[in-house]
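In: Need coordinates for the below:
(2 chains)
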Amino acid sequence: MKAAVIVFPGSNCDRDCKVAIERSAGARVEMVWHQETALPDDLDLIVLPGGFSYGDYLRCGAMAAQSPVMKEVVSAAGKGVAVVGICNGFQVLTEVGLLPGALLRNAGLKYVCKPVELDIVNGQTRFTAGYGEQRQAVMTVGNGEGNYFADEETLDRLEGEGQVVFRYKENPNGSARDIAGIVNKGGNVLGLMPHPDRAFDADLGSEDGAVLFRSIFQSA
Amino acid sequence: MSTSSTPSAKPMAEMAAEFGLKPAEYDVVLKRLGREPNLVELGVFSVMWSEHCSYKSSKNQLKKFPIDGPRVICGPGENAGVIDIGDGDAIIFKMESHNHPSYIEPYQGAATGVGGIMRDVFTMGARPIALLNALRFGDPSHPKTKRLVDGVVAGIAGYGNCVGVPTVAGETNFHKGYNGNILVNAMCVGLAKADSIFYSAAPGPGLAVVYFGSKTGRDGIHGATMSSAEFSEDSEEKRPTVQVGDPFAEKLLIEATLELMATGAVAAIQDMGAAGLTSSSVEMAGKGGVGIELNMDMVPQRETGMSAYEMMLSESQERMLAVLKPGREQDGHAIFEKWGLDAAVIGYTTDTGRLVLKHHGETVCDVPLAPLFDDAPLYDRPWVQPALQPRLDPAAVPAPTNWNEAVLKIIGCPDMASKRWLWEQYDRHVMADTLEDSATGCDAGIVRIHGTGKAIAVTSDCTPRYVQADPYEGGKQAVAEAWRNLTAAGALPIAITDNLNFGSPEKPETMGQIVRATDGMAEACRALDFPVVSGNVSLYNETNGVAIPPTPTVGGVGLLEDYDLRTGFGNVAEGDTLVLVGETRGELGASIYLREILGREDGAPPPVDLALERKTGDFVRGLISSGLVAGVHDLSDGGLLVAAADVALASKIGVTLNATSQTHAHAYLLGEDQARYLIATPDPDAVLEAAKEAGVHANVAGVAGGEAFASDGLFSVSLDALRAAHEAWLPGYMSAPKA
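Out: Down below sits the predicted model:
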């Protein structure tokens, strides 16, 4: 069981992701600098962490999407390796085209940091299978640009094909159709704004994020 | 010697006055140099001798503070204070003001305040793990207040969130006394290895001086001098002296600095904060007893044609200066390249004891370093005893005519209302070690020591209306409340940092506030074994001759050996009994009740009996570790009533207080007597028995349960109404159309 956490300049949840994966799933985690042109062998999971890659200059995730390592991430995703983009990582995934849509400025125009209740809309993905009968999860969000946007047709398709994985019970940022997290068509690339990496033990207020990481390795 | 670095038509003596040097101070410069300084040299003297850098008016007062203790590794005098938390770990922390810049340009002023205090902490080898802020704004109805709140909060969020350090606690007050001069005090707490602390003194001559971080631009020139002067109507013209922050650069700088330190190449290091390159180079050389020579041509510059004067006085952000060990000059190269930072060897330490600057082949500054420290002005300013107020007799203070209305008004007034609108803009969870923060029912923010079972508790406290009414008691109270908050969270209080915000020390009345407030703080620190390890002084907080309310903010740090023993007041359950620990006389002077309901701000503040404070707090801490309590909340603003309301809101459960047996129910419920805690327990008999044994006063105050916040025969409001009143004010205020 092996995971890689990609580190961009400005990533600030890279350590959180490493610790969360180690504690939740007991997997080995390697930190991979954004300028690397090769990924470690035999990865079961690649995580794009939260933060402000390249200071969020230009547009959140836009510059990170051009990093050398992202070519490798896209290639690994094409081969079916599980990829999770959390917060800024979700933004990077949309910028690099692995997921449809975009993350816009929050509807309230402010950064929002709060615990959110999520509906697990699709419990059949490799990221959510571990939730079993559990249909709800609590994690925190912390973002200024978490407002998911896609055109109606895309949104219909995402919903129709079970690609909407998490939905906010109370929408904190104006996301279209309360979407908090989606997977790609292949089901191996997940992007979500809430932080499973801040919800891996009860002292942090929730253990629901740990289930997500465990799921990935159980299905690997 | 060139005097042409920046042309000046004015006589140097006149320039000195413009730079804030008094005639007598300028005379000392002339004497020490034996000649007239040039503009660069004058700039160096004026910033080093500014109030901000020299503490010339406050130093004699700061000497009163206890600064030692069994856990103190490094007290005041370095970039931040360092305490030992055992197991080889150290906590490094400090609080600092960015008041003037935040008033002039709220977003950047507050943002760079956060950036600056973080640099003070990681400069010493710590990774920042928590941020706090203490904010004081003017009257909400003042036309500038809303814009200032919006900008300051966005600035704090914009910087701290991006760097990735959780903002876990803070305090926010509103009072007309801050209309023309808000206070933005930011505190940073970092974690380091106790055997790997970095200091600023250059250890010897002949060592390379490396500049790294952002380039130097023309921003913030003479900021330290600006912040040492009073405000006037035209202060907004000083906007160009406010620096611009880049949190992304700061994040890179933290990582690069910690990596550089890990190589073992760093002999001394200092961030470029107030007075930028001047204070960093002067302090490193001066503290090390060596000289320093810099080649200004090597300084990474953002703009062309910058003079030596501009480079030395620039307060461009996110810059560091390090003295490297012999032969280690290249160690940093790969690190700076990896993080994309500008870096250059800009000079060497020397054995001359002088600061020498070269620019374009000319010597543009050559001054002895010793006078910058040894001859820095030191003032024992004249002061007068503050006029005190009489104690208010509870019988002479009217009770509310409508209790229900009064309860809702108090819980919803600007000072007591929920600050959710602002702290939801702060990332409180990044680093995944936050256990308690502004959103949870706890008297302190609590963050884990990464990878251990330990945690630190942090708090920021001051009650300016007490300090205004009686600087001595108010000074004591600020320290005592910080100690009490840490205690209530289950932590052992260890040490404080302080941020002394006052008006002009040149006025005897204000100086009297400074003297007496620090007297009180010093006494409280001694009585509570709560030493001062770092701090910052911000004077001249005046606009058009009117001083702010005296505001000596205290930032406290405590230790939890086992974070499972932390307590709060968010888990109080149906049927728990509320026990009031501590003595209640009904002190209504300078209280929230008096101000919000009766429209008065008179009376003596509650006196602080430090021996009682200590005895009561130690008892409560013992009670927490005995496992008898379900919740603890300290009593402060608004007394028992507000504390009980906080319990009800945080635990989502009704509370009924019993005040019928009290002679003056309003004084019992709303008095702000110190050294008190509200304890929730399923076993009140055991708690009362333990209190009796400890010789601590305790009485049953009420019970948790139901859906209402009530006191028999006085008031009853539904939890929903209480919550609505508590949550409504700030978002309503911020979203209302601009007046």
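In: Can you identify each of the strands in chain A by residue range?
Out: Secondary structure of chain A (DSSP state E): strands at A:2-7, A:28-33, A:45-48, A:82-86, A:102-104, A:112-120, A:136-143, A:147-149, A:164-168, A:179-183, A:189-192.
In: Adjacent strands (with direction) for the longest one?
Out: The pairing partners recorded for strand A:112-120 under DSSP bridges are strand A:136-143 (antiparallel), strand A:164-168 (antiparallel).
In: what does the fourth one give?
Out: Using DSSP bridges, the strands paired with strand A:82-86 in its sheet are strand A:45-48 (parallel), strand A:189-192 (parallel).
In: wait, which of those is closest to residue B:358?
Out: strand A:45-48 (47.5 Å; C-beta to C-beta). (Glycine included, C-beta is placed from N, CA and C.)
In: Run through who's touching that closest one.
Out: In this structure, residues lying in contact with strand A:45-48 by C-beta atoms under 8 Å, 6 or more residues apart in numbering or on different chains are A:2-6, A:17, A:21, A:27, A:39, A:64, A:73, A:76-77, A:81-86, A:88-90, A:92-93, A:213, A:216-217, A:220.
In: any idea how far that strand is from the chain center?
Out: 8 Å (C-alpha atoms, centre = their mean, to the nearest Å).
In: ditto for stretch B:652-668
Out: Remark: stretch B:652-668 is offset 35 Å from the chain centroid, using C-alpha atoms, centre = their mean.
In: wait, doesn't residue A:138 sit right on residue A:196?
Out: No: counting by C-beta atoms under 8 Å, residue A:138 sits too far from residue A:196 to count as a contact (10.7 Å).
In: Tell me which of the two has more neighbours.
Out: residue A:196 (29 against 16; other C-beta atoms under 10 Å in any protein chain shown).
In: Can you report how many residues lie near residue B:471?
Out: For residue B:471, the count of nearby residues is 28 (other C-beta under 10 Å).
In: ditto for the one 5 residues further on
Out: Residue B:476 is surrounded by 30 other residues when neighbours are defined as other C-beta under 10 Å.
In: pretty sure it is in a helix, no?
Out: Yes: according to DSSP: H, G, I helix; E, B strand; the rest coil, residue B:476 belongs to a helix.
In: show me the contacts for it.
Out: By C-beta under 8 Å, 6+ apart, residue B:476 lies in contact with B:520, B:521, B:523, B:524, B:608, B:610.
In: Can you give me the separation between it and residue B:466?
Out: 9 Å (C-beta to C-beta, to the nearest Å).
In: interface residues of chain A facing chain B?
Out: Residues of chain A lying close to chain B (C-beta under 8 Å from any C-beta of the partner chain) are A:9-10, A:12-13, A:15-16, A:19-20, A:33, A:50-52, A:54-57, A:110-115, A:140, A:142, A:144, A:195, A:197-198, A:200, A:203-204.
In: now the closest residue to residue B:512 other than its chain neighbours, what's its secondary structure?
Out: In this structure, residue B:512 finds its nearest non-sequential neighbour in residue B:383, 4.2 Å apart by C-beta to C-beta, 6 or more residues apart in numbering or on different chains. Secondary structure, three-state DSSP: residue B:383 is coil.
In: Around residue B:383, how many other residues sit close by?
Out: 18.
In: Quick check: pLDDT value at it.
Out: With respect to pLDDT, residue B:383 has a value of 97.
In: That one contacts residue B:515, doesn't it?
Out: Yes: the criterion here is C-beta under 8 Å, and residue B:383 meets it with residue B:515 at 5.0 Å.
In: contacting residues for the residue most central in space within chain B?
Out: When C-alpha atoms, centre = their mean is applied to chain B, the residue found nearest the centroid is residue B:95 (3.5 Å). Counting by C-beta under 8 Å, 6+ apart, residue B:95 touches B:117, B:132, B:134, B:185-187, B:460, B:497-499, B:534-536, B:553, B:555.
In: quick one: it is in a strand?
Out: Yes: counting by three-state DSSP, residue B:95 is found in a strand.
In: Please report phi then psi for residue B:497.
Out: When read as degrees, to the nearest 10, the backbone of residue B:497 gives phi -120, psi 150.
In: Kindly state the pLDDT recorded for the nearest residue to residue A:59 once chain neighbours are set aside?
Out: Using C-beta to C-beta, 6+ apart and skipping the chain neighbours, the partner closest in space to residue A:59 is residue A:95 (7.3 Å). On pLDDT, residue A:95 comes in at 97.
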